[in-house]
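Novice: pasted the sequence and its predicted model underneath.
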2 protein chains.
Amino acid sequence: MLKISKKTDYALMALQHIASVQFGDITPGRVVNTKEIAEEYNIPLELLAKVLQLLSKNGLIESHNGPKGGYLLARSARQITIAQILESIEGPLGITDCSHEKEGEFCMQREHCNIRTPLLKVQDSIYQLLNNMTLGDMLGGTPLITIQSPSTQGVE
Amino acid sequence: MLKISKKTDYALMALQHIASVQFGDITPGRVVNTKEIAEEYNIPLELLAKVLQLLSKNGLIESHNGPKGGYLLARSARQITIAQILESIEGPLGITDCSHEKEGEFCMQREHCNIRTPLLKVQDSIYQLLNNMTLGDMLGGTPLITIQSPSTQGVE
DNA sequence: TTGATCGGAGATCATTATAGTCTCCGATCG
DNA sequence: CGATCGGAGACTATAATGATCTCCGATCAA
């Protein structure tokens, strides 16, 4: 049912938390460590650690080792999109198995497949959607997203 | 990674096939049976049978028993949306576990959850997207969907 | 009226993806 | 030098999905 994984949930919570600390009023610039986030949101510590490592590998956050270490956003919250977060954790967005089929790979249906092309367009639309919403939108505001399609207008 | 299930893939293929037979030039109005679709697209027969039963239960297609039986679209292809097909097979669309949380159910993160509201908006946007594209769009044409978001405009 | 051909329904098994855990390593700072 | 961090890999458990099997009732035509 098009569900995002728990890991991605955790990533979003963590990033939201880091951003709000980093740019908040209390202690701006403070690094945030894994334990702090895990306790705040009841997330299994080791699982969250993996998630944050992935985000770090993908350049969304900066890590600082040693005592008093932790994480910081690598860039502004408005420059981190939901799509980037999701793909950092779950890999490239693909609503079908054949979305990222390599040359020579074919699904059993490929021969007469009649839905591949339209589905790739759906996928592209979802990607646009997720890439047009940022961590910044999640922080403060009410993300405004509108969708226009001529296809079913006037159809009851 | 926001993947739709194989069953839904099969449903889309089958509906596309039924629609093209039903409204095609060759033998319009002919009912289509499960075996025909399964062989055409290399789909496991019994699995496809279940999928078609679900579509029938949800009122997207009509079933006809007995010899020479099979399925017909229950309404025009332009009145069957991708969202309806997807939800017939996979249940209500929900990108998070808490999307359809019943009263009294809480996830472990609920207490300080900072992402529920924005995620529900993302979900709603995806739903709109899928509900604005129809089987008819998949048949003939090039579905035109545009997305507008003010959030990241002007952000480099 | 009877039997072959359909869909309807349920149980069951296999496979895969996800969620979560455990252990050890290297870096850093006091 | 040792406590506190993140980095990394193996590992287990659980849930979702994909697929199969069996039996039933409806229908139509010979």
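Specialist: That came in fine, so what should we check first?

Novice: let's verify A:I18: helix, strand, or coil?
Specialist: Of the three states, A:I18 takes helix under DSSP: H, G, I helix; E, B strand; the rest coil.

Novice: apologies, that question was intended for A:L72.
Specialist: Under three-state DSSP, the three-state class of A:L72 is strand.

Novice: now it: closest residue in space, sequence neighbours ignored.
Specialist: Nearest in space to A:L72, with sequence neighbours left out and distances taken as CB to CB, 6 or more residues apart in numbering or on different chains, is A:E62 at 4.8 Å. Every C-beta, even on glycine, is put in place using the N, C-alpha and C of the backbone.

Novice: from A:S56, how far out is that neighbour?
Specialist: As judged by CB to CB, to the nearest Å, A:E62 and A:S56 stand 7 Å apart.

Novice: quickly list what's touching both of the two.
Specialist: Counting by CB atoms under 8 Å, 6 or more residues apart in numbering or on different chains, the common neighbours of A:E62 and A:S56 are A:Y71.

Novice: follow-up on the earlier one: who touches the residue nearest to A:L72 in this structure?
Specialist: Contacts for A:E62 were tallied using CB under 8 Å, 6+ apart; they are A:S56, A:Y71, A:L72, A:L73, A:A74.

Novice: since we're on the last one, how many residues are nearby?
Specialist: Residues lying near A:A74 (other CB atoms under 10 Å in any protein chain shown) number 15.

Novice: quick one: it and A:L60 touch, right?
Specialist: Yes - assessed by CB atoms under 8 Å, A:A74 is found in contact with A:L60 at 5.7 Å.

Novice: what is the most widely separated pair among the contacts of A:E62?
Specialist: Largest separation among those by CB to CB: A:S56 and A:L73, giving 11.0 Å.

Novice: who has more neighbours, those two?
Specialist: Using other CB under 10 Å as the criterion, A:S56 and A:L73 rank with A:L73 on top: 20 against 15.

Novice: ok, the more buried one to A:L139 distance?
Specialist: The value you get for A:L73 to A:L139, if CB to CB is used, is 11 Å.

Novice: which residue ranges form the helices in chain A?
Specialist: Assigned by DSSP state H, the helices in chain A fall at A:6-22, A:34-41, A:45-57, A:82-90, A:116-131, A:135-139.

Novice: run through chain A and note the low-pLDDT ranges.
Specialist: Under the criterion pLDDT under 70, the flagged ranges of chain A are A:102-105, A:141-156.

Novice: can you list the residues of it near DNA strand C?
Specialist: Applying CB under 7 Å from any atom of the strand, one finds that chain A approaches DNA strand C through A:5-7, A:44, A:46-47, A:50, A:64-69, A:90.

Novice: buried among these? Make that a PyMOL selection.
Specialist: Of these, the buried ones can be selected in PyMOL as follows, counting by 16 or more other CB atoms under 10 Å in any protein chain shown:
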select buried, chain A and resi 6+7+90
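
Novice: so stretch A:30-43, near chain B or not?
Specialist: Yes - against chain B, stretch A:30-43 shows contacts by CB under 8 Å from any CB of the partner chain at A:E40, A:Y41, A:N42, A:I43.

Novice: please report how far the nearest residue to the first one once chain neighbours are set aside lies from A:E111.
Specialist: Yep, that's A:E40 we're talking about. Distances taken as CB to CB, 6+ apart place B:H112 nearest to A:E40, at 5.9 Å, with adjacent residues excluded. Taking CB to CB as the measure, B:H112 falls 51 Å from A:E111.

Novice: got it, and A:P44?
Specialist: For A:P44, the distance to A:E111 - CB to CB - is 44 Å.

Novice: and if you look at A:Q16?
Specialist: A:Q16 sits 46 Å away from A:E111, taking CB to CB as the criterion.

Novice: settle it for me: which of the two has more neighbours?
Specialist: A:Q16 (20 against 10).

Novice: need the contact list for the more buried one.
Specialist: A:L135, A:M138, A:L139, B:N114, B:I115 are the contacts of A:Q16 under CB under 8 Å, 6+ apart.

Novice: pull out the buried residues from these.
Specialist: Among the contacts of A:Q16, the ones that count as buried (16+ other CB under 10 Å) are A:L135, A:M138, A:L139, B:N114, B:I115.
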